[in-house]
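In: my questions concern the predicted model and sequence given below.
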Amino acid sequence: MEENEILTMAFINPQPLEDVYELDKALMNGTLFPNIDKPFLAGGKKHE
């Protein structure tokens, strides 16, 4: 491997600050942003 070889690259979309949860709901859902609040699906099943 060369010294300056790029092994990985990451791209992170900027999160628009349009609509945000109230603090208590954000803490319960683990995110401030409703548009990225998605259910956790492991093995194709919804986990509560």
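Out: Ah, there it is. Residues are numbered from 1 along each chain as shown.
In: identify the residue spatially nearest to the residue nearest the centre of the chain, adjacent ones excluded.
Out: With distances taken as C-alpha atoms, centre = their mean, Ile36 lies nearest the centre of the chain, 6.2 Å away. In this structure, Ile36 finds its nearest non-sequential neighbour in Gln15, 7.3 Å apart by C-beta to C-beta, 6 or more residues apart in numbering. Yep, even glycine has a C-beta here, placed from its N, CA and C like the rest.
In: could you do Asp19 as well?
Out: Nearest residue to Asp19, sequence neighbours excluded (C-beta to C-beta, 6+ apart): Pro34, at 5.7 Å.
In: how many other residues sit next to the one you found?
Out: 13 (other C-beta atoms under 10 Å).
In: cool, Asp37 as well?
Out: Other residues close to Asp37 by other C-beta under 10 Å number 13.
In: for it, what are its contacts?
Out: Tyr21, Asn29, Thr31 (C-beta atoms under 8 Å, 6 or more residues apart in numbering).
In: next one: it relative to Pro14, how far apart?
Out: 18 Å (C-beta to C-beta, to the nearest Å).
In: ok, Leu32 next?
Out: Computed as C-beta to C-beta, the Leu32 to Pro14 distance reads 14 Å.
In: assumed Ala26 was part of a helix.
Out: Yes - under DSSP: H, G, I helix; E, B strand; the rest coil, Ala26 sits within a helix.
In: where does this structure dip in pLDDT?
Out: 1, 44-48 (pLDDT under 70).
In: state the distance from the residue nearest to Ile36 to Asp24.
Out: 20 Å.
In: and what of Glu18?
Out: Relative to Asp24, and taking C-beta to C-beta, Glu18 is found at 20 Å.
In: and what of Lys38?
Out: Taking C-beta to C-beta, one finds Lys38 at 20 Å from Asp24.
In: contacts only, for Pro16.
Out: Asn35.
In: which helix or which strand is home to it?
Out: Assessed by DSSP states H and E, Pro16 sits outside every helix and strand.
In: what about Leu27, how many neighbours?
Out: Neighbours of Leu27 using other C-beta under 10 Å come to 11.
In: got it, and Leu32?
Out: As a burial measure, Leu32 scores 17 neighbours (other C-beta under 10 Å).
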